[in-house]
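Engineer: Give me a model of this one.
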Amino acid sequence: MVFSVLPAAAQVVQIGVFSLFRPVELRVSPVSSAVLVITGDTRDILEGRQTIAISLARISEPVRVSAPDGSETDFRLSIPGKIERQFHGILTIQAGDHKLIAVVAMDREVAVASVVAAEMPASTPKEALKAQAVVARSYYAAAGPRHDAFDFCDSTHCQFLRQWPQPSEDAFQAARETSGLVLTYLGKPFAAFYSASCGGQTRSLADAGPGYPYYAVPCDFCRRHSPGVVEGHQLGLCQKGAAGLAQSGIGFREILDHYYPGTSVEQIGVNAFFLLPALPALSHSKD
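Structural biologist: Modelled structure (predicted):
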């Protein structure tokens, strides 16, 4: 595998959150610092334990939540009685078809760290987390918008995403230590697939079109520990196998080289966003 370095920079992605719940009410509150809530000409500051409720029955204009200066901030978003998560970014809530649409505009690196934390256990060896970070970033860089109202969702339809990990967590550090790195094939980033367990061997993609073809590669860890146990679509990175390789001292580049033969690791440049051919209807690791 070739490793090359090009200029790196940030990229904002629009993540639709809680869409599977089809919420009709959402509640927003600050985490530690005050947040600004703008609805039309109305501006409100939330501090401490203050909470604002947004109802589908009452919303008439989009609601925007940010830091008081308009920048990204930490906030809590919840559906009463169902789910609450902490996010970092700028939140927009608007009325959709019989539901509220909540979209968090976040730095791509924040999204990558959040995916790593959601997709792999905290006990996973660091090099496997770094491999997952590169794969998750590649998907965001190359998949193109997957929804009409936002770029990506927080479910396995796109990539499983929860909340931003703390700087002390390995998931955060894995994203930081691989910042900007993506997988490329024939000189272009591609939306890399991955799954939880391959059962002993990954599979090839029969109709890859002009994109990455994938290859059937052996996975010794799954052959020894969970032969025949398949979780996901068996394409690309096997998360259990990657953890096993990392545990034996293999680095993230070698892990990626094993599961994605013929690819390179490169650092993408400013505002890089690559619109490649439409992806097949495949889900990710938690299906």
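
Engineer: Could I get the full set of helices for the stretch 101-250 of the chain?
Structural biologist: Under the criterion DSSP state H, counting those that start in this stretch, helices of the stretch 101-250 of the chain are mapped to 108-119, 126-142, 170-177, 220-225, 239-247.

Engineer: can those helices go into CSV with extra columns for mean neighbour count?
Structural biologist: Any C-beta I mention is one placed from the backbone N, CA and C, and that applies to glycine too. Output for the helices of the stretch 101-250 of the chain, formatted as CSV (neighbours: other Cβ atoms under 10 Å):
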stretch, mean neighbour count
helix 108-119, 27
helix 126-142, 27
helix 170-177, 22
helix 220-225, 16
helix 239-247, 23
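
Engineer: Mind putting those helices into TSV with distance to residue 48 and mean pLDDT?
Structural biologist: Shown next, in TSV, are those (distance: least, Cβ to Cβ, whole Å; pLDDT from 0 to 100):
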stretch	distance to residue 48	mean pLDDT
helix 108-119	24	96
helix 126-142	34	97
helix 170-177	26	97
helix 220-225	48	96
helix 239-247	40	98
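
Engineer: Dump those to JSON lines, plus distance to residue 268.
Structural biologist: Shown next, in JSON lines, are those (distance: least, Cβ to Cβ, whole Å):
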{"stretch": "helix 108-119", "distance to residue 268": "9"}
{"stretch": "helix 126-142", "distance to residue 268": "6"}
{"stretch": "helix 170-177", "distance to residue 268": "14"}
{"stretch": "helix 220-225", "distance to residue 268": "30"}
{"stretch": "helix 239-247", "distance to residue 268": "22"}
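
Engineer: Now do the contacts for the residue nearest to residue 247 when sequence neighbours are not counted.
Structural biologist: Once flanking residues are discounted, residue 247 sits nearest to residue 125: 5.3 Å by Cβ to Cβ, 6 or more residues apart in numbering. For residue 125, the contact set (Cβ atoms under 8 Å, 6 or more residues apart in numbering) comprises 243, 246, 247.

Engineer: now residue 125: how far from residue 84?
Structural biologist: 30 Å (Cβ to Cβ, to the nearest Å).

Engineer: ok, now residue 190?
Structural biologist: 35 Å.

Engineer: Now stretch 43-55: buried residues?
Structural biologist: 46, 54 (16 or more other Cβ atoms under 10 Å).

Engineer: How far off centre is it?
Structural biologist: Centroid separation between stretch 43-55 and its chain, computed with Cα atoms, centre = their mean, to the nearest Å, is 27 Å.

Engineer: Then stretch 114-128?
Structural biologist: For stretch 114-128 - counting by Cα atoms, centre = their mean - the centre lies 12 Å from the chain centre.

Engineer: May I have that stretch as PDB, with CA atoms only?
Structural biologist: The C-alpha trace of stretch 114-128 is given here as PDB (Å, rounded to 0.1, in the frame of the first residue of the first chain):
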ATOM      1  CA  SER A 114     -18.300   9.900  16.600                       C
ATOM      2  CA  VAL A 115     -18.600   7.000  14.100                       C
ATOM      3  CA  VAL A 116     -15.500   5.300  15.600                       C
ATOM      4  CA  ALA A 117     -16.900   5.500  19.100                       C
ATOM      5  CA  ALA A 118     -20.300   4.200  17.900                       C
ATOM      6  CA  GLU A 119     -19.000   1.400  15.700                       C
ATOM      7  CA  MET A 120     -16.300  -0.200  17.900                       C
ATOM      8  CA  PRO A 121     -16.000  -1.000  21.600                       C
ATOM      9  CA  ALA A 122     -13.900   1.300  23.700                       C
ATOM     10  CA  SER A 123     -11.600  -1.700  24.500                       C
ATOM     11  CA  THR A 124     -10.600  -2.100  20.800                       C
ATOM     12  CA  PRO A 125      -6.900  -1.700  20.200                       C
ATOM     13  CA  LYS A 126      -5.900   1.700  19.000                       C
ATOM     14  CA  GLU A 127      -4.600   0.600  15.600                       C
ATOM     15  CA  ALA A 128      -7.900  -1.000  14.700                       C
END
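
Engineer: isn't residue 260 right up against residue 213?
Structural biologist: No - using Cβ atoms under 8 Å, residue 260 makes no contact with residue 213, being 10.3 Å away.
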